[in-house]
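S.K.: got a predicted structure here, sequence first:
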Amino acid sequence: MSGFVEKPEPVQVPGLTHLHTGKVRDLYRDEAGRLVMVASDRMSAYDWVLPTEIPDKGRVLTKLSLWWFDLLADLVPNHVLSTELPAGAPADWEGRTLICTSLEMVPVECVARGYLTGSGLVEYEQSRTVCGLALPEGLSDGSELPAPIFTPATKAAVGDHDENVSYEEVARQVGAEKAALLRRTTLDVYGRARDIARERGVILADTKFEFGFAGETLVLADEVLTPDSSRFWPADEWQPGRAQPSYDKQFVRDWLTSPASGWDRKSEQPPPALPQEIVDATRAKYIEAYERLTGTAW
């Protein structure tokens, strides 16, 4: 069992139709048919949406996504139409709401990895592959890969776990031409972002993108290159062979699996509330990621 520890009731706004409550975002449609995407302060980990929110998280994700969308616009168009608050929306939505083009979404998480860690490391240790792609011997946790790789995953519902799939499976689902376009665009965007992050002393270890189609045009959607969708490591502390310090939610994951939380991940019990010191430290990590990448103070 997993999912929401406490599922929130959607906010009702005149003129907006509530479509979906996701792990982090609430989706609405306005009367013009546009998608209204509101980033909450919810935190998810291990397929659970935790009962404790992280203040300002939704605004960090939104501002950082907008910053990246601008830097990537020459590589791939994005779905953002406006950041204007819809009429009648709560004032609390300010700074975390995007008005977006409604797309035909691709049913695949497009993951790019430049470093070995996470589920990729688990597979590598078993078979020397990641998503079926052969990798050389001698790599360890945190090793830089010889070249970035495209390692797609299924898009899971809230409470379910994304599963890595092969490129061949993506081609079967969406067709060979679209699969090739997704792989090429994913790696192009990752390469651009990796170089930008590196200039700022941050390693972009891996990230996931969501794409949709507007007619025949591939469009970058959802969030992009945030601490929720990416692993960011401080470059000056990088040391292969161990878990890396990070600017993402790995900090929360580590606390949940520590004796301090008292939670057994393998049980069917929901995870506990986060203590204030973990909330404060997590907020600080998200803000530090924003400041180091953008070069602007929060």
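M.R.: Looks like it arrived, so ask away. Residues are numbered from 1 along each chain as shown.

S.K.: and the next element down the chain from the longest helix seen in the chain?
M.R.: If you go by DSSP state H, the chain has its longest helix at helix 176-199. Past helix 176-199, further along toward the C-terminus, the next helix or strand under DSSP states H and E is strand 202-214.

S.K.: flag every buried residue along that next one.
M.R.: 202, 203, 204, 205, 206, 207, 208, 209, 210, 211, 212, 213 (16 or more other C-beta atoms under 10 Å). Glycine gets a C-beta too; all of them are placed from N, C-alpha and C.

S.K.: do stretch 143-155 as well
M.R.: Going by neighbour count (16+ other C-beta under 10 Å), the buried part of stretch 143-155 is 143, 145, 148, 149, 150, 151, 152, 153, 154, 155.

S.K.: from the residues you listed, which two are the most distant?
M.R.: The most widely separated members of these, counting by C-beta to C-beta, are 143 and 155 (27.6 Å).

S.K.: closest to residue 25 among the buried residues of strand 202-214?
M.R.: Out of the buried residues of strand 202-214, the member with the shortest distance to residue 25 (by C-beta to C-beta) is residue 210, at 11.0 Å.

S.K.: quick check, central residue of this structure?
M.R.: residue 229 (1.7 Å; C-alpha atoms, centre = their mean).

S.K.: doesn't residue 205 make contact with residue 115?
M.R.: Yes - between residue 115 and residue 205 there is a contact under C-beta atoms under 8 Å: 4.0 Å.

S.K.: spit out the residues that contact these two alike.
M.R.: Contact criterion C-beta atoms under 8 Å, 6 or more residues apart in numbering; residues shared by residue 115 and residue 205: 142, 231, 233.

S.K.: re the thing from before, show me the contacts for the residue nearest to the centre of the chain.
M.R.: Neighbour list for residue 229: 207, 208, 209, 222, 223 [criterion: C-beta under 8 Å, 6+ apart].
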